[in-house]
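K.L.:
Got a predicted structure here, sequence first:
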Amino acid sequence: MPVWVALCFASFLAVCPLTTEAVELIHHAISKRVIEETKNKYGPEAAARIIAWNSLVMDNKNKPIAEKLALTNEFFNRVPIKTEEEIWGHKHWSTPFEMLLHNAGSQADHAIAKYVTLEALGIGINKMKITHVHSIKSADQSYMVLTYQSEPGVMPLVLDTTERAIKPADERTDLFPEHSLNDDGLWLSRKQKDGRNDAKEEADAQVELWNEMNTRMDNEQLSTEDPSALW
């Protein structure tokens with residue numbers, strides 16, 4: 001079984017619970033008040049990014065899945081990549097709203113933003129995972145991507161930041177998946193490509209970051225209204 005598909009059946013760890021409540025998504029238009037507050041606090045360009053994100057969701061809910069994946073991947077790959085330390089000064093996974101306000105995000109932030117947006121577009125969380133990968137191009141290069149698997153046993157698609165094109169995972173021979181998570185749980189690969197033996201500890205730390213991010217996202221309270229009220 002290919003390693004990418006095997007990860008989907010790897011050890012599921014219920015001992016590392018994720019946030020139990022579903023992510024609160026932008027299923028309706030973000031209100032004028034939120035946009036005005038964003039403009040006043042962060043400037044017109046930040047407000048424009050939030051409007052564009054809202055439009056991405058509102059305008060494409062009925063598009064084919066392949067188009068939803070492509071539009072979402074392209075939208076967030078325009079946001080510059082920076083490390084968490086560069087943006088925040090410490091480990092911090094941004095909500096999509098935070099990432100667009102700052103117009104910068106880590107590779108984990110990009111993967112999370114794609115996950116949240118695609119869920120808002122109607123794609124089930126059981127088909128998506130935030131996946132931690134090791135790149136064989138560099139011994140020190142590990143980062144997060146979003147993977148989409150249409151059904152069990154099918155080769156996942158990889159939505160990446162370093163490789164802009166969406167490709168089946170078996171074409172990404174430069175990447176080795178080590179663990180993945182979503183709102184349902186955490187999956188660990190049985191072996192780390194770089195020979196380390198700290199997958200569980202590393203995954204636990206990322207689950208904590210994930211839960212902190214989800215809590216902030218629940219507290220953002222992006223009040224919504226009828227889409228026609230925006231324009």
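P.N.:
Okay, I see it. Residues are numbered from 1 along each chain as shown.
K.L.:
Show the subsequent helix or strand relative to the worst-scoring helix or strand of the chain on mean pLDDT.
P.N.:
Sorting the helices and strands of the chain by mean pLDDT, DSSP states H and E puts strand 11-12 at the bottom, at a mean of 48. Proceeding N to C from strand 11-12, the next assigned helix or strand is strand 29-30, under DSSP states H and E.
K.L.:
Give the partner strands of that next one in its sheet and their orientations.
P.N.:
Strand 29-30 sits in its sheet next to strand 224-225 (antiparallel), going by DSSP bridges.
K.L.:
what mean pLDDT would you report for the strand it pairs with?
P.N.:
Mean pLDDT, computed over strand 224-225, is 56.
K.L.:
and Thr161, what element?
P.N.:
Here Thr161, judged by DSSP H and E, is contained in no helix and no strand.
K.L.:
ok, now how distant is it from Asn211?
P.N.:
Going from Thr161 to Asn211 by C-beta to C-beta, to the nearest Å gives 23 Å. Where C-beta positions appear, they are placed from N, C-alpha and C, glycine not excepted.
K.L.:
Look at these two and report which has more neighbours.
P.N.:
Thr161 (22 against 16; other C-beta atoms under 10 Å).
K.L.:
Surely the more buried one touches Val133?
P.N.:
No - distance between Thr161 and Val133: 11.2 Å, which falls outside the contact criterion (C-beta atoms under 8 Å).
K.L.:
shared neighbours, these two?
P.N.:
143, 145 (C-beta atoms under 8 Å, 6 or more residues apart in numbering).
K.L.:
Assign Glu119 to helix, strand or coil.
P.N.:
In three-state terms, and counting by DSSP: H, G, I helix; E, B strand; the rest coil, Glu119 is helix.
K.L.:
residues near Glu151, how many?
P.N.:
Based on other C-beta under 10 Å, the number of other residues close to Glu151 is 7.
K.L.:
then the longest helix along the chain to CSV, C-alphas only?
P.N.:
In the chain, assigned by DSSP state H, the helix with the most residues is helix 199-220. Taking Å, rounded to 0.1, in the frame of the first residue of the first chain, the C-alpha atoms of helix 199-220 are listed here in CSV:
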residue,chain,number,x,y,z
ALA,A,199,6.5,11.8,16.0
LYS,A,200,4.1,11.4,19.0
GLU,A,201,5.6,14.4,20.8
GLU,A,202,5.6,16.5,17.7
ALA,A,203,2.1,15.6,16.9
ASP,A,204,0.9,16.4,20.4
ALA,A,205,2.4,19.9,20.2
GLN,A,206,0.6,20.5,16.9
VAL,A,207,-2.7,19.2,18.3
GLU,A,208,-2.3,21.9,21.0
LEU,A,209,-1.7,24.6,18.4
TRP,A,210,-4.7,23.3,16.4
ASN,A,211,-7.0,23.5,19.5
GLU,A,212,-5.8,26.9,20.4
MET,A,213,-6.4,28.1,16.8
ASN,A,214,-9.9,26.6,16.9
THR,A,215,-10.7,28.4,20.1
ARG,A,216,-9.6,31.7,18.7
MET,A,217,-11.7,31.0,15.6
ASP,A,218,-14.7,30.3,17.7
ASN,A,219,-14.2,33.6,19.5
GLU,A,220,-13.7,35.7,16.3
